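**Student:** here's a sequence, model it:
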Amino acid sequence: MRETTPRSAPRRPVAGAVALLGLVALAACATEDTGPGDPSGPSGGTLSGELTVFAAASLTDAFTEIAEDFQARHPGVEVTFNFAGSSELAQQINSGAPADVFAAANTATMDQVVEGEGLDTDWADEHGHDGLVFVTNTLRIAVPPDNPAGIVDLADLAGDGVQAAFCAEEVPCGAATDAVLDAAGLEITPVTYEEDVRAVLTKVELGEVDAGLVYTTDVLSAEGRVEGLEFPEADQAVNDYPLGVLSASRDTALAAAWVEAVTSDDGAAVLRDAGFATP
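**Tutor:** Down below sits the predicted model:
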């Protein structure tokens, strides 16, 4: 009479335990991947909110593509960009413009922000107090596809009647231009100084000038609307691009997640496709 329960009954708790262990294992697998495809940020929470990125104009195409993927992976996030000349962006940041991440086209411009508003202390302690260099870029001579002035090398920009466009001296592409002209021993006065490299590219695309000094990435972004000419002096002025999470960021975890996306394997592939060299 005491043995009224079937002998198989004691096995039920064991089956329940196995099921519970299975659920725990699945949960562990679900949280194990914290890469670009995971909807959680560095702290493990769900990413959401607005992210404002100030970035050099030459990063426009690559960052836009990375942002599309970033937002697709994190539907609660909205990325807003301010693309312009790096020096202008640095001035805006140091004047109190709201921004979470800054990506500059040279280290000197990042230094201005580091000395001004500064980078987030915790992020900088881990990644570098001068920002994290994530790509490099090199100048090219951009000419219209038919190259009406017959430009072959840098010295040709000094030819009679040749109209050239350069970046303003205070922006990184202008500083690089000065460096390559010094390396070549040339003094060239362009017909126009533009506020950023994309403005120089536009002048060439529209046929308003015979040539312009732009980055390799800008030539590729033009998709055949200009021809890019390599020249040896360009190796004397390779630009390092640093980025960092700003001290004034409203959401440093979200900002750090963006930096991780940019420097991830997927982000690096997008940047290389755009013409940047990556570490």
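**Student:** the nearest residue to residue 61 once chain neighbours are set aside: neighbour count?
**Tutor:** Residue nearest to residue 61 in three dimensions, not counting chain neighbours: residue 221, with 5.0 Å by Cβ to Cβ, 6 or more residues apart in numbering. All C-beta atoms are positioned from the backbone trio N, CA, C, and that covers glycine. Residues near residue 221, counting by other Cβ atoms under 10 Å, number 19.
**Student:** start the count at 23 instead of 1 going forward.
**Tutor:** That works, and once the first residue is 23, the last one we named lands at residue 243.
**Student:** any low-confidence regions in the stretch 23-172 of the chain?
**Tutor:** 23-67 (pLDDT under 70).
**Student:** now do the strands in it.
**Tutor:** 71-78, 99-106, 123-125, 154-159, 161-165 (DSSP state E, counting those that start in this stretch).
**Student:** A strand includes residue 266, no?
**Tutor:** Yes. Under DSSP: H, G, I helix; E, B strand; the rest coil, residue 266 sits within a strand.
**Student:** I figured it was touching residue 139, is that so?
**Tutor:** No. Counting by Cβ atoms under 8 Å, residue 266 does not reach residue 139; the two are 10.9 Å apart.
**Student:** which one of the two has more residues nearby?
**Tutor:** Shown here are residue 266 and residue 139; by other Cβ under 10 Å, residue 266 has more neighbours (27 against 18).
**Student:** dump the residue contacts of the more buried one.
**Tutor:** 123-124, 132, 135-136, 141-142, 145-146, 149-150, 153-154, 281 (Cβ atoms under 8 Å, 6 or more residues apart in numbering).
**Student:** and if we set it to 6 Å?
**Tutor:** 141, 153 (Cβ atoms under 6 Å, 6 or more residues apart in numbering).
**Student:** report pLDDT for the residue nearest to residue 179 when sequence neighbours are not counted.
**Tutor:** Leaving aside its sequence neighbours, residue 179 sits nearest to residue 186 (Cβ to Cβ, 6+ apart; 4.8 Å). pLDDT recorded at residue 186 is 98.
**Student:** ok, residue 189 - how many residues close by?
**Tutor:** For residue 189, the neighbour count with other Cβ under 10 Å is 30.
**Student:** distance check, residue 69 against residue 289.
**Tutor:** As judged by Cβ to Cβ, to the nearest Å, residue 69 and residue 289 stand 16 Å apart.
**Student:** what about the helices in this structure?
**Tutor:** 34-54, 82-95, 108-116, 129-137, 143-149, 194-206, 219-227, 238-243, 274-285, 287-295 (DSSP state H).
**Student:** how about those helices, which one is nearest residue 179?
**Tutor:** Closest to residue 179 of the helices of the chain, according to Cβ to Cβ: helix 194-206, at 8.9 Å.
**Student:** so how far is the closest one off the chain centroid?
**Tutor:** Between the centre of helix 194-206 and the centre of its chain there are 22 Å (Cα atoms, centre = their mean, to the nearest Å).
**Student:** and residue 300, its phi and psi?
**Tutor:** Backbone dihedrals for residue 300, given as degrees, to the nearest 10, come out at phi -120, psi 150.
**Student:** residue 158 is in contact with that one, correct?
**Tutor:** No. Residue 300 is beyond contact range of residue 158, at 8.0 Å (criterion: Cβ atoms under 6 Å).
**Student:** and the residue nearest to residue 179, how far from residue 118?
**Tutor:** 37 Å.
**Student:** which of the two has more neighbours?
**Tutor:** The neighbour comparison of residue 186 against residue 118 (other Cβ under 10 Å) goes to residue 186, with 26 against 9.
**Student:** fine by me, thanks again.
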